[in-house]
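**Q** build me a structure from this.
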Amino acid sequence: MSFFKNIFSKEKKETLDKGLEKTKTSFFSKLSKVVAGKSKVDDDVLDHLEEVLVASDVGVATTLKIINRIEERVAKDKYVGTDALNELLREEIAGLLSETNLGNESEFTVPTSNKPHVIMVVGVNGVGKTTTIGKLASQFKKQGLKVVLGAADTFRAAAIDQLQIWADRTDVPIVRQEMGSDPASVAFDTLTSAVTQGADVVIIDTAGRLHNKVNLMNELTKIKRVMQKVVATAPHEVLLVLDGSTGQNAFEQAKQFTKATEVTSLAVTKLDGTAKGGVVIGISDQFQIPVKYIGVGEGIDDLQVFNKHEFVDSFFK
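**A** Sure thing, here's the model as predicted:
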C-alpha cells in the first residue's frame, strides 16, 4: 500500500495499474527467468538484469546507471538475496525519477502567477498530440479554469478539424484559421482572444513535422516571438508529447525536439497498449525533463498527472 494513496484516488490508481499491466507482466516474466535457481544477486544475475531492462525500453544509458547503483549496494552489503532484487530495483528507479520529476502532484493545476498560462504543445503527428490537448482542456475545465485552444497546426486540415471536435466536446473556445495559414498568426490571435476573455489557460497546438529540423526550429521560434507581443513571458510551458508504444523511437523524437526548441515538460501517451512503459524511466532520466502527464487509456479521464510514487508502485505491485 503506497503512502501516497491519500492524494491519488482509487479510480485513478486502478486505471494506472491497468494501463501498466502489459509492461509489468512482460518485465516480471523476464525478471523471474533471471533469478530462477539463483539465491543471490551476482554478476550473472546483473548481466541478465541489464538485458531485461534494455529489452523493456529503459534505454542503455539509464540501464547502466541502474545496474551500477545495484552493484554498489550489493558490494556494500556483501550478500544480497535474489528475493531482495525487486525492492532494490524499485528504490533505484524511484530514485532516478526523483532526480528529474517533482512527481508528487495528483491534480491538473497551472501556476496562478501567469494569466493566461500559455502551453505550447509540440510532437510529431500520430503520437496523440491533439488528443492530449483535448484531454488537458477537459481536465483544466473540471478544475474551474477558463481554457482557450489555438489550432496552430495549419499544415493539416485534419489537425484543425480534430482540435475543433475536442473543443466542441469539452465546450471550450477555439481559435482557428484556414489550412495553410501562418501558424504564428493563429497563435497571436489565440492569445489576443484569451487575454480579452480573461482566460486562465491557453493551449497552442503546433505542426509535428520532423523532416527538416531547421524549418521546425524556425517555425517554433517565430510562434514564440509572435506570442510574446501579446503575453511577454509566453510560452510558460513547452510540452512535448511522445508515444510510449514506440519505445526507442520516442527517445529519438525527444532528441530531435529538444534540439529544435526548449522543451520544459513531457507527456507520454499510449502506455496502456504496450509493454514498453519502461521508456518513461529512460526518457525522464536521459533528458532531465520532467514527465508531467501519462496516457493510460482511451477515455477522457485516462490522461493522468504523472506521480512517480504511484507509477513505481503500479510497476512493482
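
**Q** Asp189 against Gln177, yeah?
**A** Yes: between Asp189 and Gln177 there is a contact under CB atoms under 8 Å: 7.4 Å. Just so you know, the C-beta spots here come from the backbone N, C-alpha and C atoms, and that holds for glycine as well.

**Q** can you list the domain ranges for the protein.
**A** As assigned by automatic domain parsing, the chain contains the domains 7-100, 117-307.

**Q** got the phi and psi for Val148?
**A** According to degrees, to the nearest 10, the main-chain angles of Val148 amount to phi -130, psi 130.

**Q** that one pairs with what?
**A** For Val148, the beta-bridge partners under DSSP bridges are Val202.

**Q** contacting residues for Lys10?
**A** When contacts are counted by CB atoms under 8 Å, 6 or more residues apart in numbering, Lys10 touches no other residue.

**Q** roughly how far apart are it and Arg73?
**A** Counting by CB to CB, to the nearest Å, the separation of Lys10 from Arg73 is 33 Å.

**Q** in a strand, Ser181, correct?
**A** No: judged by DSSP: H, G, I helix; E, B strand; the rest coil, Ser181 forms no part of a strand; its state is coil.

**Q** which stretches of the stretch 51-200 of the chain aren't confidently modelled?
**A** Low-confidence regions of the stretch 51-200 of the chain, defined by pLDDT under 70, span residues 101-106.

**Q** in it, which spans are strands?
**A** Taking DSSP state E, counting those that start in this stretch as the test, the strands found in the stretch 51-200 of the chain are 117-122, 147-152, 174-175.

**Q** and Phe311, which of those strands is closest to it?
**A** Judged by CB to CB, the one of the strands of the stretch 51-200 of the chain that comes nearest to Phe311 is strand 117-122, at 21.8 Å.

**Q** which residues sit against the closest one?
**A** 110-111, 129, 132-133, 136, 187, 191, 200-206, 208, 220, 223-224, 227, 231, 234-241, 257, 260-261, 263.

**Q** pull the longest helix from this protein.
**A** Determined from DSSP state H, the single longest helix within the chain is helix 60-77.

**Q** what's the distance between Lys24 and Glu252?
**A** Distance, Lys24 to Glu252, using CB to CB: 25 Å.

**Q** can you get me a residue count around Ala158?
**A** Burial measure for Ala158: 12 neighbouring residues, criterion other CB atoms under 10 Å.

**Q** oh sorry, the question was meant for Ser181
**A** Other residues within reach of Ser181, judged by other CB under 10 Å, total 16.

**Q** check Pro111 too.
**A** 9.

**Q** can you give me the neighbour number for the spatially closest residue to it that is not a sequence neighbour?
**A** The shortest distance from Pro111 to any non-neighbouring residue, by CB to CB, 6 or more residues apart in numbering, is to His117 (6.1 Å). The local packing of His117 (other CB under 10 Å) involves 25 other residues.

**Q** is His117 in a bridge, and if so with what?
**A** Beta-bridge partners of His117, counted by DSSP bridges, are Val201.

**Q** perfect, that will be all.
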